[in-house]
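Asker: show me how the following folds:
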Amino acid sequence: QVQLVESGGGLVQPGGSLRLSCTTSYIFSLDIMGWYRQAPGKQRELVANISSGGTINYADSVQGRFTISRANKNTVYLQMNNLSPEDTAVYYCHARRITTGLRPSKEVIRNEYDYWGQGTQVTVSS
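Answerer: Model (predicted):
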């Protein structure tokens, strides 16, 4: 089982910065790690993710302000700069493990397993 432990949320003024961290003791490399967020009354949305090979995706709304990075195989960081009140949300660490196999018929079997952290509150307010 993969358990994700988050840290780094809090209250910050507009224009400020925060750094979120997420780590796990899972011994194998996770294929994708990243961050989602959910604001009150809104759906959970992708903020940024990074693959084990280093491919990075950002939401348009955070491009140029947020930076995702990965260290020690299964630790992911989200550096958030120039924060605005619109960034206020609960931020969730996400990880995906992908397995592949082969049926006797030669059909490729692909399974994806998603894991979530407990969430950390980020509030941007003056």
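
Asker: from here on, contacts and neighbour counts on C-alpha atoms
Answerer: Noted.

Asker: run through the strands of the protein in chain order.
Answerer: Along the chain, the segments classed as strands by DSSP state E run 5-7, 10-12, 18-23, 32-38, 45-51, 56-58, 66-71, 75-80, 89-102, 108-116, 120-124.

Asker: so which of those strands is the most surrounded?
Answerer: Mean neighbour count, computed with mean count of other CA atoms under 10 Å, is highest for strand 32-38 among those, reaching a mean of 23.

Asker: neighbouring strands of that strand in the sheet, and parallel or not?
Answerer: Paired neighbours of strand 32-38 in the sheet (DSSP bridges): strand 45-51 (antiparallel), strand 89-102 (antiparallel).

Asker: what is the mean pLDDT for stretch 35-55?
Answerer: Computed over stretch 35-55, the mean pLDDT rounds to 96.

Asker: in TSV, list the strands paired with strand 32-38 along with distance to residue 72.
Answerer: Shown next, in TSV, are the strands paired with strand 32-38 (distance: least, CA to CA, whole Å):
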stretch	distance to residue 72
strand 45-51	13
strand 89-102	15
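
Asker: and of these, who's closest to residue 80?
Answerer: The closest of these to residue 80 is strand 45-51. By CA to CA, the value is 10.6 Å.
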